[in-house]
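Novice: here is a sequence together with a model predicted from it:
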Amino acid sequence: MAGTSASAPTAGRPEPMFAILLLVAGLVAIAVSGLAGGDGGAADAAAPTSQATSASEPAVASSGGEGSVHEAALELTVKGRAAKTGYERDEFGSGWIDVDRNGCDTRNDELQLRLTGLEMDGDCIVLAGDLDDPFTGESIHFERGGASEVDIDHLVALSDAWQKGAAQWEYAKRVAFANDPLNLEPVDASANREKGDSDAASWLPAQKSYRCTYVARQVAVKTKYEVWVTQAELDAMLAVLDSCPDQELPDLGDQPVTADNVGS
């Protein structure tokens, strides 16, 4: 019968449902093959993003927040130490100078600021007093004349600054640097001489509780005067600051970076 013959399936052609099942099975097989033995392109493409995120996390976690010393330290220029050729103490002024024109030289200003139990000669000259030394934690009695047990330390040593930019400064800027209270601290004389012209990579105060303040002051000085650091120095600074990540950068003070009074 013509009607029955027209509706019968052609020999060798699969039923429609069977064809669909074959197509689905083929797609599944391709997907499984790609996961098991393919080139892993999708997974590899995602890996660098994961690694970059992981690498950036420690810096964010230890940044110390807005205005932190840690943040300021990372902004310092990192370069190698230049030669010490040409360095002389007098390149930073002849002795202590009354840069702020208050009638007293910088040394006596610092002694008045830090010593207690002061004995004075007039308004400026400190004859005696007592110091709680930040470098050692010891109490030191100061008397003017003879072998002093108290020195005024340049937290960033003058010769260190010379090798990290100051050799190129004008004279008035070097005088300002040497007499800036931000960079000065009365300390135990023997500890100061042990420090010499060392930076944070080779010397830190024996009193560990002062180290964060010490490094913070150095970072502030180098920030204000644009003195660079070596990589070893920066690493040492950051190692100290890891113990005080919220330490704020000290106030840079009102003293200009170029002195208008450089003495005689």
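Specialist: Sure, I can see it. Numbering: from 1, shown residues only.
Novice: number of nearby residues for E138?
Specialist: 14 (other Cβ atoms under 10 Å). Placement of C-beta: from N, CA and C, glycine included.
Novice: which helices and strands does the helix or strand containing A128 pack with?
Specialist: For A128, the enclosing helix or strand under DSSP states H and E is strand 125-132. Applying 3 or more Cβ pairs under 8 Å, 6 or more residues apart in numbering; DSSP states H and E, we find strand 125-132 packed against helix 106-114, strand 116-121, strand 139-143, strand 184-188.
Novice: let's see 7 Å
Specialist: Applying 3 or more Cβ pairs under 7 Å, 6 or more residues apart in numbering; DSSP states H and E, one finds that strand 125-132 makes contact with helix 106-114, strand 116-121, strand 139-143.
Novice: pull out the buried positions in that strand.
Specialist: The neighbour-count check on strand 125-132 (16 or more other Cβ atoms under 10 Å) flags V126, G129, L131 as buried.
Novice: likewise for stretch 96-107?
Specialist: Under the neighbour-count criterion of 16+ other Cβ under 10 Å, stretch 96-107 has W96, I97, D98, V99, D100, C104, D105, T106, R107 buried.
Novice: phi, psi for the nearest residue to the third one once chain neighbours are set aside please.
Specialist: Translated: D98. Counting by Cβ to Cβ, 6 or more residues apart in numbering, D105 is the residue found nearest to D98 once chain neighbours are left out, at 5.2 Å. Phi and psi for D105, reported as degrees, to the nearest 10, are phi -70, psi 170.
Novice: now do the helices in the stretch 151-264 of the chain.
Specialist: 158-162, 171-178, 189-195, 211-225, 231-241 (DSSP state H, counting those that start in this stretch).
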